[in-house]
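Undergrad: Sharing a sequence plus its predicted fold:
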Amino acid sequence: MKALFLNISQNISVPTEKIIGIFDMDNSTVSPDTRSFLRTSQSEKKLVSDVRDIPKSFVVTSDRVYLSQLSSHTLEGRGEKIN
């Protein structure tokens, strides 16, 4: 069976089977634990950014964390269309 991909930015698509969660940047980064998670991901070179402006969401996969200019609501809607 072919893997389905979710386009999360202009240049990045990720396999849907690897997605653990899609999170709103404004709501989730209020937590110090989330900020620590993102800093750790960046220091471990697992944070991928194709964002030219302030990111609106981030997508956690089994091996990376992707920043996106698209809202979490938009990404979730795209994911629902795939399934």
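TA: Structure received.

Undergrad: how much space between I20 and V14?
TA: 11 Å (Cβ to Cβ, to the nearest Å). (Glycine included, C-beta is placed from N, CA and C.)

Undergrad: Comparing those two, which residue is more hemmed in?
TA: In this view I20 and V14 are compared by other Cβ atoms under 10 Å, and V14 has more residues nearby, 20 against 11.

Undergrad: As a check, name the ranges of all helices in this structure.
TA: 25-28, 32-43, 72-82 (DSSP state H).

Undergrad: Output those helices as a markdown table; include the columns mean neighbour count and distance to S49.
TA: Listed next are the helices of the chain as a markdown table, based on neighbours: other Cβ atoms under 10 Å; distance: least, Cβ to Cβ, whole Å:
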| stretch | mean neighbour count | distance to S49 |
| --- | --- | --- |
| helix 25-28 | 15 | 12 |
| helix 32-43 | 13 | 9 |
| helix 72-82 | 14 | 15 |
